[in-house]
Structure formats: C-alpha cells, structure tokens
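> What shape does this take:
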Amino acid sequence: MQFCNQCGAQMNDGAKFCPKCGATIGQPQAPQYSQPNNDQSFNAPGFNPAPNNYQQQTQVPPQQQVYGQVPPQQQPPVYGQNTQIPPYQAPKTGNFFKDILNTPDYTAQYDPADIASNKGVTIACYFWILFWLPLVANSNSRYGRFHANQALLMLITSAACGIVSWILNLIIGAIFRTEITTYFGIGTGVYTMSGFGLFLSGLFGIILAIPSIAFLIIGIINAVNGKAKELPIVGKFRLIK
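Below is the predicted model of the structure:
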C-alpha cells in the first residue's frame with residue numbers, strides 16, 4: 001500500500017495517478033506561494049527572507065539632501081584647522097644622537113599651499129633676531145607661525161647659552177688669574193687669565209655654542225624641505241601660536 005503525497009489517499013502499489021485527486025505519483029510538487037504584501041513574507045516552507053534595511057541605510061537626513069553635499073563625517077580633513085592628524089615620529093633606534101633628532105613632524109597638519117608660499121620667509125627667520133619675519137610677512141600663515149616659534153626658541157636658547165658662557169668666563173678668570181709682570185719680575189698690579197684658564201674658557205665657549213649652531217642648521221634644513229618639524233629638546237614649547 002502507498003499513499004498520495006498530495007491528498008493522503010490510499011492507493012495500490014505501482015499506481016501512477018491518485019484515484020482521488022489525480023496527482024502524479026513520484027514527481028515533486030511545486031511549492032505553493034501566497035501573494036506577498038507590504039506586511040507579509042512568502043509562505044513557502046522554510047523560506048526566511050532577510051530584513052529589508054535598504055531604505056533605512058540609504059536615507060539621508062533632510063539637512064543633507066543637497067546634490068553634491070558630503071556628510072560631515074566623510075568630508076576630507078581641512079589642513080591646519082584643528083585636524084586630528086597625529087604628528088609623525090619614527091620609532092626609537094637606541095642611538096642617542098639619532099633619537100634626539102627624531103622629533104615630531106606636524107607637516108601633514110598644514111596646507112601645502114601655505115608651506116610653498118612661505119618657505120623663503122621661514123628660512124630667513126632662523127637667522128637669530130629675524131624670528132618675527134613670518135609674522136610680519138603673513139600673519140595668517142599657520143606654517144609661518146610654527147617656524148617663527150621655533151626660531152624664537154632657538155634665539156632664547158642661544159641667549160641662555162651666551163649668558164652661561166659669560167658667567168663661566170668670570171668664574172674661570174677669578175680662579176685662574178695671574179699678575180702681569182715686567183721683564184725684571186716686578187708686578188704691575190694688572191691681572192689676566194692664565195694660559196690654562198684661557199683654555200677652559202674657550203672650551204666651554206665652544207661647547208655652549210654648539211646648541212645654537214645645531215638649532216640654526218636643523219631649523220633651516222626643515223624650512224628648506226617644507227617640514228613643520230620641532231627642534232630637538234626645546235621645540236615642544238609653544239610661545240607663538
């Protein structure tokens with residue numbers, strides 16, 4: 001005995017047609033669907049349609065429904081206007097001299113047109129007292145103000161080193177002084193620095209002049225290359241914003 005897959009009627013073995021509903025035995029029946037509407041899904045067995053979120057994902061707020069307007073979160077960053085671009089800094093190498101020169105580079109935060117138009121004046125501002133030159137040439141240039149700040153820090157460092165050198169020279173002169181005598185060994189009452197004192201004074205003078213010369217060279221190189229890169233050690237301070 002066998003049964004009809006369509007209506008369940010009992011049939012003889014080997015029958016090809018159901019005597020009750022006339023369905024063909026042994027052939028699969030096409031699934032029956034109901035007409036879908038806005039609130040119903042298909043009624044086919046096992047059919048589980050995915051939710052239609054297309055309209056929800058593609059809807060644009062009314063204030064953004066302007067042809068060609070890009071949502072604020074997709075707009076490209078505006079150079080130099082409080083962008084969140086972090087400064088670039090290469091990884092530490094363990095070499096003291098390389099790491100001390102590895103300072104943050106803020107070039108990506110500045111407009112390339114601003115950099116190109118103010119390159120010459122930023123180079124000149126590193127010649128000590130000319131730090132103010134970018135401020136006078138173009139006060140609206142953020143790139144110019146950056147290098148004016150670096151040049152001012154260089155000038156302050158040079159002045160501080162000069163003061164320290166002068167104080168050390170006075171101390172060395174007081175310690176290593178000698179009286180000038182005549183050919184006959186008679187003292188003249190005039191004192192001067194001894195040969196060793198002169199050596200120490202010159203040595204400290206050269207050492208204290210190194211930061212000023214180094215900052216001058218580094219600042220000019222950065223300006224020539226169009227880089228907004230800090231000077232070593234002192235470049236992180238902001239006196240001109």
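> And for the closest residue to His147 other than its chain neighbours, the neighbour number?
Ranked by CB to CB, 6 or more residues apart in numbering and with sequence neighbours excluded, the top spatial neighbour of His147 is Thr122, at 3.9 Å. C-beta coordinates here come from the backbone N, C-alpha and C atoms, glycine included. Residues within reach of Thr122, counting by other CB atoms under 10 Å, total 28.
> same check, this time on the one 5 residues further on
When neighbours are counted by other CB under 10 Å, Phe127 registers 15.
> Just want to check the distance between the residue nearest to it when sequence neighbours are not counted and Arg145.
Using CB to CB, 6+ apart and skipping the chain neighbours, the partner closest in space to Phe127 is Leu216 (7.7 Å). Separation of Leu216 from Arg145 (CB to CB, to the nearest Å): 19 Å.
> Next: Cys161.
Using CB to CB, Cys161 is found at 25 Å from Arg145.
> what helix or strand is Phe97 on?
helix 96-101 (DSSP states H and E).
> same question, Ala148
Per DSSP H and E: Ala148 is located in helix 142-175.
> Centre of the chain to that helix, how far?
Using CA atoms, centre = their mean, to the nearest Å, the distance from the centre of helix 142-175 to the centre of the chain it belongs to is 30 Å.
> just stretch 225-239 next, same as before
Per CA atoms, centre = their mean, the displacement of stretch 225-239 from the mean C-alpha position of its chain is 14 Å.
> before we move on, what about stretch 191-206?
With CA atoms, centre = their mean as the basis, stretch 191-206 stands 47 Å off its chain's centre.
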